[in-house]
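Engineer: From the sequence below, what's the structure:
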Amino acid sequence: MAVHMKVNTSAAARQVAARLQAIAKSVAPELKQAMALEADKTVSVMRALAPVLKRPHKDRKAGALRNSIGWTWGEPKFGAAVLRSRSKKRVKFAGAALVLTLYAGSADVYYARWIEFGTRPGRKDSAYSYTYMRRRRKKAYRQVNGKWVTAPEYYQVTHARAVYRTHPGTKGYHFFYGAWKVKRKEARKAIRRAWRKAIKDGARAAA
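Structural biologist: Residues are numbered from 1 along each chain as shown. Below you'll find the predicted structure:
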């Protein structure tokens, strides 16, 4: 005796896909909230560690470096960021990638990189190169996963600059990556907890 059973695999697949989609939509807001909260905490530590100018300087303002530190979703919108901490892995929910960027520096605070990493000794009449963000004059496009999308408004370029005096260089003051090294373990744990909780809540709601 044999019993034959037929299962509509396409209908089952659609049901599973619909359920996963529902879970993803419920998870994304909670995950974004956890990421934003940890970003705020990390930025607070970075700003507390950032050095503040004590003496007047013609090219710098007191507190400018500290005030330039922040975070945003995706790429820095103003493109003047010179320091970024961003995971290469992109988490996708409901077709959208959640990418959070921590940054420091701006068009005016171009020296953020030099303070973070220090400068090497310089010899008069020599030259050195440094990177900075330049704004595109015309709209550009790039190919991502076989589709053409708008390229970032700002892009990184390298510039050569002459050394006008001999100097011994400066030691790096790790206000940016130093703070991230302290906070990253705690931040990742908090985000993972929020991730697991959101998935459980979403699964209950979709059931």
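
Engineer: for residue 134, helix, strand, or coil?
Structural biologist: The three-state label given to residue 134 by DSSP: H, G, I helix; E, B strand; the rest coil is strand.

Engineer: State the number of residues packed around it.
Structural biologist: Applying other C-beta atoms under 10 Å, we find 13 residues neighbouring residue 134. C-beta coordinates here come from the backbone N, C-alpha and C atoms, glycine included.

Engineer: Quickly list what it is bridged to.
Structural biologist: For residue 134, the beta-bridge partners are residue 155 (DSSP bridges).

Engineer: And it, what's its pLDDT?
Structural biologist: If you check residue 134, the pLDDT there is 72.

Engineer: same for the host helix or strand of residue 200, what does it pack against?
Structural biologist: In this structure, residue 200 sits in helix 177-206 according to DSSP states H and E. In terms of contacts (3 or more C-beta pairs under 8 Å, 6 or more residues apart in numbering; DSSP states H and E), helix 177-206 is packed against helix 9-49, strand 83-85.

Engineer: Determine which of those shows the lowest mean per-residue pLDDT.
Structural biologist: Mean pLDDT is lowest for strand 83-85 among these, at a mean of 46.

Engineer: quick revisit: and the helix holding residue 200, how far out from the chain middle?
Structural biologist: In terms of C-alpha atoms, centre = their mean, to the nearest Å, the centre of helix 177-206 is set 16 Å apart from its chain centre.

Engineer: residues of that helix that come out buried?
Structural biologist: Judged by neighbour count (16 or more other C-beta atoms under 10 Å), helix 177-206 contains these buried residues: 177, 179, 180, 183, 187, 190, 191, 194, 195, 198, 199, 202.

Engineer: which two of these lie the greatest distance from each other?
Structural biologist: The most widely separated members of the buried residues of helix 177-206, counting by C-beta to C-beta, are 177 and 202 (34.3 Å).

Engineer: What count of nearby residues applies to residue 60?
Structural biologist: Residue neighbour count, defined by other C-beta under 10 Å, stands at 14 for residue 60.

Engineer: Specify the beta-bridge partners of it.
Structural biologist: When bridges are called by DSSP bridges, residue 60 pairs up with residue 57.

Engineer: Could you chop this protein up by domain?
Structural biologist: Domains of the chain are assigned by automatic domain parsing as 9-119+171-206, 120-169.

Engineer: Check these for me and report the most buried one.
Structural biologist: Comparing the domains of the chain by mean neighbour count (mean count of other C-beta atoms under 10 Å), domain 9-119+171-206 ranks first with a mean of 16.

Engineer: my guess is residue 170 meets residue 114, correct?
Structural biologist: Yes. Using C-beta atoms under 8 Å, residue 170 is in contact with residue 114, at 7.2 Å.

Engineer: Quick check: residue 154 touching residue 140?
Structural biologist: No. At 10.9 Å, residue 154 does not count as touching residue 140 under the criterion of C-beta under 8 Å.

Engineer: Give me the below-cutoff pLDDT ranges for the protein.
Structural biologist: Scanning the chain with the threshold set as pLDDT under 70 gives 1-13, 16-25, 56, 75-97, 128, 130-133, 205-207.

Engineer: ok so, going back, can you list the buried residues of helix 177-206 in TSV and add distance to residue 45?
Structural biologist: Converted to TSV, the buried residues of helix 177-206 look like this (distance: C-beta to C-beta, whole Å):
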residue	distance to residue 45
177	12
179	4
180	9
183	6
187	10
190	14
191	16
194	20
195	23
198	25
199	29
202	31
